[in-house]
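**Q** take a look and give me a structure for this.
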Amino acid sequence: MEQTGLRHDPDTRGQAALQGTENVLPLREAIRRTQAHIAQECAGVLESRDRGLLLSYIRQYVDREGFSAGGLPAQELAQRIYDEMCGFSVLAPYLDPGRTDIEEVNVNAYDDIWVTYADGRSLQAQETFFDADHAVDVTRRILHKSGTVFDESRPAVTGYLSGNIRVSAVGFRVAGREKGAVLSIRIVNPRKLSLGQFVENGTGTREMLLFLAAAYCYGVSVCLAGAAGSGKTTLMGYMLGQVPDGRRLVTIEEGCRELDCVRRGQDGRPRNSAVHLLAGEPGDAGSGATLTDLLRTALTIHPHYLAVAEMKGEESFLAISAAYTGHTVATTIHAGSCEDIYWRMAALCRRRDPMEDATLLRLASRAFPLAVFCRQGQDGTRRVTQIAECTGTEGLEPRMNTLWRFDTQDGGQEGDGSFRRVGTPSPRLVGKLRENGCPHGFLRYLSTAEPQGPPGAGRDLPEALC
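**A** Numbering: from 1, shown residues only. Reported below is the predicted structural model:
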């Protein structure tokens, strides 16, 4: 059907611009005029949802009217107007599906936007919303696309875009009317780093990372702790990636997918046995299954290895029970240290079962013998600062045997230090690895290497331990 309004001609600057009479407008006015024109004269283009066609019509209108705004070239201005009409306004460039360099976008107020990049940098964006109402409108637009209502009756909500973007929003009733909306957008780009990349990035030494992968592959359950953004999920992904092709791995996540463990051959078909399960957010009636539901189901489909992306609710008791009864489980948790992992597990389990602390601590320590603590430094480096074995409990205290730690130099900067092996695994842990087929050379290294030896003492260990 022929559209009214503008002719669909190649991009050229309008006569007004050529004659030096270009009209400089405030950006918001330029957007308002273009929106009004397109809605009145080219409604069919809007209905068609044809991005390329709509961009062309916007550009032609800008050229014909001969105005500029915001100091933007015509093509960038047309894109900015399009993002305002059909996209996510000033946030659109950061939510581009083709970008893999951004981890978070945080809106503290309509005029205060911060972007966290994959390399750990956190920078304030130059762009801002026009005002508080504009921030609220764009937030509603984003959440509407995820099927989530954001209004005065629901001032704090979470939604998901494209399966890998989590959007948490707080409205003005909670955040303050002058701010408009507080928004946190977490962009999950599953990162598959090699052993060499982890070492190069300063995450840990080669022998530390090989130990964690080998321990999991040979039947030892592992829990990684740290704050958000500390790198624990990426590190867990590396461990899962070492599971042999013929062993079945089942991962369980909530809301959006962070783990990508399927390995494909040259023909495009999967060559390893991996199943990824995804639960909805708590309270989402349309999700169909909770983390507890999926974990209970996973135990019936004969997994050799389980991975629960994060312990944060009643599913923790089931995960601990699975690990305690012989399943090999990897998970993450928010805790302040390796020792605190077990207290945090006990606290989560009490939401389901009012057992005594001593009993829960004993269960957790036997279920997850290995504890890993990750930290992100001020310089953005994500580092394993401690690997410890929990050998049991003494009263209400977990008994920790530190195997590796990152030692900071006295008086030095945060990153001035080194990884050191400071202990050896218990005979119980070594015995479990031996029973499950761990190579004798690696077991010898674990049992006899000098704990106080120089960093890199395990440099001759083979990468193909799993």
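
**Q** show me the shaky parts of the stretch 301-450 of the chain.
**A** Applying pLDDT under 70 to the stretch 301-450 of the chain flags residues 410-415, 449-450.

**Q** show me where it has strands.
**A** For the stretch 301-450 of the chain, applying DSSP state E, counting those that start in this stretch gives strands covering 305-308, 328-333, 370-376, 382-394, 397-408, 417-421.

**Q** quick one: closest of the ones you listed to residue 109.
**A** Closest approach to residue 109 among the strands of the stretch 301-450 of the chain (C-beta to C-beta): strand 370-376, 24.6 Å. In short, each C-beta sits where N, CA and C put it, glycine included.

**Q** what pLDDT, on average, does the helix or strand hosting residue 159 get?
**A** Using DSSP states H and E, residue 159 falls within strand 156-161. On average, the pLDDT along strand 156-161 is 85.

**Q** what does the helix or strand just after that strand rub up against?
**A** On the C-terminal side of strand 156-161, the closest following helix or strand by DSSP H and E is strand 165-170. The contact list for strand 165-170 (C-beta atoms under 8 Å, 6 or more residues apart in numbering) reads 95, 139, 142-143, 146, 148, 150, 155-161, 181-188, 255-256.

**Q** nearest residue to residue 94 in space, please, no chain neighbours.
**A** Spatial nearest neighbour of residue 94, excluding adjacent residues (C-beta to C-beta, 6 or more residues apart in numbering): residue 105 at 5.0 Å.

**Q** doesn't the one you found lie inside a strand?
**A** Yes - assessed with DSSP: H, G, I helix; E, B strand; the rest coil, residue 105 lies in a strand.

**Q** correct me if wrong: it contacts residue 113.
**A** Yes - contact criterion C-beta atoms under 8 Å: residue 105 and residue 113 qualify, at 6.8 Å.

**Q** burial count for the residue nearest to residue 94?
**A** Neighbours of residue 105 under the rule other C-beta atoms under 10 Å: 23.

**Q** could you check how far it is from residue 401?
**A** 41 Å (C-beta to C-beta, to the nearest Å).

**Q** how is the chain partitioned into domains?
**A** Split into domains by automatic domain parsing, the chain comes to 15-86, 91-187, 195-448.

**Q** what sits against residue 333?
**A** When contacts are counted by C-beta under 8 Å, 6+ apart, residue 333 touches 223-225, 310-312, 341, 344-345.

**Q** how about it: what's its closest non-neighbour residue?
**A** Excluding its sequence neighbours, the residue lying closest to residue 333 (C-beta to C-beta, 6+ apart) is residue 311, at 4.6 Å.

**Q** so who does that neighbour touch?
**A** 223, 319, 331-333, 344-345, 348.

**Q** out of the residues you listed, who's nearest residue 86?
**A** residue 332 (37.2 Å).

**Q** and the pLDDT at the residue sitting nearest the centre point of the chain?
**A** Against the mean C-alpha coordinate of the chain, by C-alpha atoms, centre = their mean, the closest residue is residue 188 at 4.1 Å. If you check residue 188, the pLDDT there is 78.

**Q** same check, this time on residue 166
**A** Residue 166 carries a pLDDT value of 86.

**Q** how many neighbours does residue 40 have?
**A** By the criterion of other C-beta under 10 Å, residue 40 has 10 neighbours.

**Q** what packs against whatever helix or strand it lives in?
**A** According to DSSP H and E, residue 40 maps onto helix 27-41. Packing partners of helix 27-41 (3 or more C-beta pairs under 8 Å, 6 or more residues apart in numbering; DSSP states H and E): helix 43-48, helix 51-65, strand 67-69, helix 74-86.

**Q** among the contacts of residue 311, name the buried ones.
**A** The neighbour count (16 or more other C-beta atoms under 10 Å) marks 223, 319, 331-333, 344-345, 348 as buried among these.

**Q** surely residue 211 forms part of a helix?
**A** Yes - under three-state DSSP, residue 211 sits within a helix.

**Q** residues in contact with it?
**A** Applying C-beta under 8 Å, 6+ apart, one finds that residue 211 lies in contact with 387, 403-404, 446.

**Q** just residue 347 next, same as before
**A** Applying C-beta under 8 Å, 6+ apart to residue 347 gives no contacts.

**Q** residue 150 too?
**A** 139-140, 143-144, 157, 169, 171.

**Q** from the contacts of strand 165-170, which land in helices?
**A** Members of the contacts of strand 165-170 lying in helices (criterion: DSSP state H): 139, 142-143.
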